Every structure is written in C-alpha cells, then in structure tokens.
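Student: What follows is a predicted structure for the sequence shown.
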Amino acid sequence: MKKTILAAALAGLATGAHAGILTYVETFGTFGDPTDLPTNINETLTASGWAADLPAGATNIVFTVEVRGTLSSQGSVTNTGATSTTAAAVVQLLSDWTAVTTNLASADVTFGSAPEQIINVDLGTINGGETVDFGPETVDEGWITTYTGTYSGTDITYAFSNQVVSYAVGSGNFDTSIVTGSAGGLRVTVTYDDPPSQVPTPAPIALMGLGLLGFGIRRRMKRA
C-alpha cells in the first residue's frame, strides 16, 4: 500500500505540461446570404486577446491563422424579346477579390482574380417575356490556412476587398434583377503547453523514501 501511495505521489509531482487551445473568430456579413452585405467591399477584421489569455509561462505556443471569403448571388433574368433564347446569369470580378495582412509575411489570400466570372449560372432556355429566378449561388472555399508558426504580436488584421458587376448573357435582350453579397472571416487558433509542474529534485525524493521507511520501522517496533 505504501509503495502504491508513493508511486502515485511521485507520478503526480512529475506530471508535466498539458495542451491548451485558444480560438478567436471575427466575421463580417453572413456566409451564404447575398442580401446581408453588398459587394464592392472594403472590410477590416482584427483578432486579438491572446496576450491576456495565455497563462504565464506557457510554452510551445503556435499560431494558426485562417481566412474565409464568400460571394453569394441570387435574382432573376427576364427575356424581353419575343423569341426563346438561352441565357446565363453572371457575376464578374472588376478587381481582385483579396484578403491582405500587414502582420504576417506571405500570408495574403486571393479568392479570385479580375476579370474572372466568379459565378456563372446556366438558366437554360427562357421563352419570350418569361422570367427565370436563380440562387442563391455561393462561392465558398471554406477556411484557408495562411500561416502556422510562432508570433510575437498582440493582434492580427486582414483587409478584405472586392468589386463585382452582375449581368445576363445570351443571344437576346434581358432585364436583370441580381443581388450579390459578400462575407468574410478571420480565425486565429493558439495552441500551447501549460508551464510544467515543479518536479522534486532527487534529495527531496530520497527524504520522502526515508520518511516512509522510518514510519514502517516504527510500526514494526510497536508491534514487537
């Protein structure tokens, strides 16, 4: 029994660090919603807080930075001509769709490059005078990791921007009513190890062992 207690005590004293995790998320707009925040954006997101949240003496601190950008579009296209024709609804980039940071090297993201047709929806054949609805259609590549490693700063900022134009293409004449919206996100995950517990030096361990040994001898003497 004494050996078990001693082993348990030593195991507890020798227990070292355990992993911890902190996550900070900032967003603008609503992912998948074309009506929340219009395109032609200049939005800035800043994540911070780890300087106060990390425990004192934490070790093996690693930052993982991710960004996300979405474009969503919905609307209707009306064939104003008298004959049937095929058509498509298009959302085209007028400028590069980017997320740019000044805090990290080589960590910028380009979600799309002008003049890319970032959304192109085939509407099929539209009869003369007919209106066809579409959407919402969303471009979303999910969270993109831009950086993993150490970081000494107290915040990380990304600036998101895009400019788009929406229209219908086909061999006829069309009226369009198209709404396109943007959303973006910045996520910073900080993993770390807690400071290791105080591990007793060999001298205190030896004294503990002698104390337990002495206790056992005294009990034997009393029995005798």
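Tutor: Perfect, I can see it now.
Student: ok, Gly181 - how many residues close by?
Tutor: 23 (other C-beta atoms under 10 Å). C-beta: built from backbone N, CA, C; applies to glycine.
Student: Just the C-alphas of the host helix or strand of it, formatted as PDB.
Tutor: Using DSSP states H and E, Gly181 sits within strand 174-193. Presented in PDB, the C-alpha positions along strand 174-193 are these (Å, rounded to 0.1, in the frame of the first residue of the first chain):
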ATOM      1  CA  PHE A 174     -32.700  40.800 -70.900                       C
ATOM      2  CA  ASP A 175     -33.700  42.700 -67.900                       C
ATOM      3  CA  THR A 176     -31.900  41.600 -64.700                       C
ATOM      4  CA  SER A 177     -32.500  41.900 -61.000                       C
ATOM      5  CA  ILE A 178     -29.400  40.400 -59.300                       C
ATOM      6  CA  VAL A 179     -28.300  40.900 -55.700                       C
ATOM      7  CA  THR A 180     -24.800  39.800 -54.700                       C
ATOM      8  CA  GLY A 181     -23.400  39.900 -51.200                       C
ATOM      9  CA  SER A 182     -20.000  39.300 -49.500                       C
ATOM     10  CA  ALA A 183     -19.000  37.800 -46.300                       C
ATOM     11  CA  GLY A 184     -15.600  37.200 -44.700                       C
ATOM     12  CA  GLY A 185     -13.900  35.700 -41.700                       C
ATOM     13  CA  LEU A 186     -10.600  35.700 -39.700                       C
ATOM     14  CA  ARG A 187      -9.800  32.800 -37.300                       C
ATOM     15  CA  VAL A 188      -6.800  32.600 -35.100                       C
ATOM     16  CA  THR A 189      -6.100  29.500 -33.100                       C
ATOM     17  CA  VAL A 190      -3.400  29.400 -30.500                       C
ATOM     18  CA  THR A 191      -2.200  26.100 -29.100                       C
ATOM     19  CA  TYR A 192       0.200  26.000 -26.100                       C
ATOM     20  CA  ASP A 193       1.500  23.800 -23.300                       C
END
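Student: and it, which residues are buried?
Tutor: 174, 178-193 (16 or more other C-beta atoms under 10 Å).
Student: Pull the distance from stretch 110-123 to the chain's centre.
Tutor: Remark: stretch 110-123 is offset 23 Å from the chain centroid, using C-alpha atoms, centre = their mean, to the nearest Å.
Student: ends of that stretch, how far apart?
Tutor: Terminal residues of stretch 110-123 lie 28 Å apart, using C-alpha to C-alpha, to the nearest Å.
Student: where exactly do the helices run in this structure?
Tutor: 2-14, 50-53, 202-223 (DSSP state H).
Student: Those helices: lowest mean pLDDT?
Tutor: Ranked by mean pLDDT, the helices of the chain bottom out at helix 2-14, which scores a mean of 31.
Student: what bridges to the most centrally placed residue in the chain?
Tutor: Of all residues in the chain, the one closest to the mean position by C-alpha atoms, centre = their mean is Arg187, 3.5 Å from it. Arg187 has these beta-bridge partners by DSSP bridges: Val25, Glu66.
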